[in-house]
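> Structure for this input, please:
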Amino acid sequence: MIEGRQAQVLIDEEFRAAAPLLELPGLTWFAVYCQQDPGSAFWDPDENDTLDDLEDTLLELCQEFGHGWAVYVCRLATRGIREYYVYHGQGAELEKVLPILREAYPAYRLEYDVTSDPKWKRYASLLSALDGA
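As a prediction, this is how the structure comes out:
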């Protein structure tokens with residue numbers, strides 16, 4: 001459970017001992033909303049291949065526009081939504097990712113937000129939630 005919701009969390013624990021990385025104070029959040037009703041699952045199995053392709057494209061774009069200043073740390077899936085968290089530094093241009101992704105996957109509702117998280121509080125909160133599970 002994450003924030004009171006059933007969740008599937010894929011988190012890169014490689015940063016557990018190193019976080020926060022002072023060079024990467026920004027946090028970009030991407031959300032992908034499923035098209036099909038997932039029922040009691042996180043997403044409909046018939047949508048799995050497309051969601052995986054979309055995820056691969058998203059992560060490739062983050063790497064391309066991260067210019068070495070971005071790290072993907074977590075995917076959080078709840079019923080009907082996949083959320084992705086990427087920490088980044090000033091050299092990253094992650095704002096360029098969403099328009100390209102929307103063009104490639106026009107049928108999907110995609111959201112994006114950027115915030116400052118120099119202490120990596122979001123990452124720590126996800127780790128804590130997993131450790132407490």
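
> Quick check: next helix or strand after the lengthiest helix in the chain?
When the chain is scanned for its longest helix (criterion: DSSP state H), the result is helix 48-66. Per DSSP states H and E, the first helix or strand lying C-terminal to helix 48-66 is strand 70-78.

> Show me which positions of the longest helix of the chain end up buried.
Buried residues in helix 48-66, counted by 16 or more other CB atoms under 10 Å: Thr50, Leu51, Leu54, Leu58, Leu59, Leu61, Cys62, Phe65, Gly66. All C-beta spots, glycine's among them, are computed from the backbone N, C-alpha and C.

> Also stretch 93-100?
Of the residues in stretch 93-100, those buried (16+ other CB under 10 Å) are Leu94, Val97, Leu98.

> hey, where'd the helices end up in this protein?
Taking DSSP H as the test, the helices found in the chain are 48-66, 97-104, 121-132.

> mind putting the buried residues of helix 48-66 in JSON lines, pLDDT and distance to Glu23 included?
JSON lines is the format used below for those (pLDDT from 0 to 100; distance: CB to CB, whole Å):
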{"residue": "Thr50", "pLDDT": "96", "distance to Glu23": "34"}
{"residue": "Leu51", "pLDDT": "97", "distance to Glu23": "31"}
{"residue": "Leu54", "pLDDT": "98", "distance to Glu23": "28"}
{"residue": "Leu58", "pLDDT": "98", "distance to Glu23": "22"}
{"residue": "Leu59", "pLDDT": "97", "distance to Glu23": "20"}
{"residue": "Leu61", "pLDDT": "98", "distance to Glu23": "21"}
{"residue": "Cys62", "pLDDT": "97", "distance to Glu23": "16"}
{"residue": "Phe65", "pLDDT": "97", "distance to Glu23": "17"}
{"residue": "Gly66", "pLDDT": "97", "distance to Glu23": "12"}
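
> Identify the residues contacting the spatially most central residue of the chain.
The residue lying closest to the centre of the chain (CA atoms, centre = their mean) is Tyr84, at 0.5 Å. Counting by CB atoms under 8 Å, 6 or more residues apart in numbering, Tyr84 makes contact with Trp29, Phe30, Ala31, Val32, Glu55, Leu58, Leu59, Tyr72, Cys74, Arg75, Leu76.
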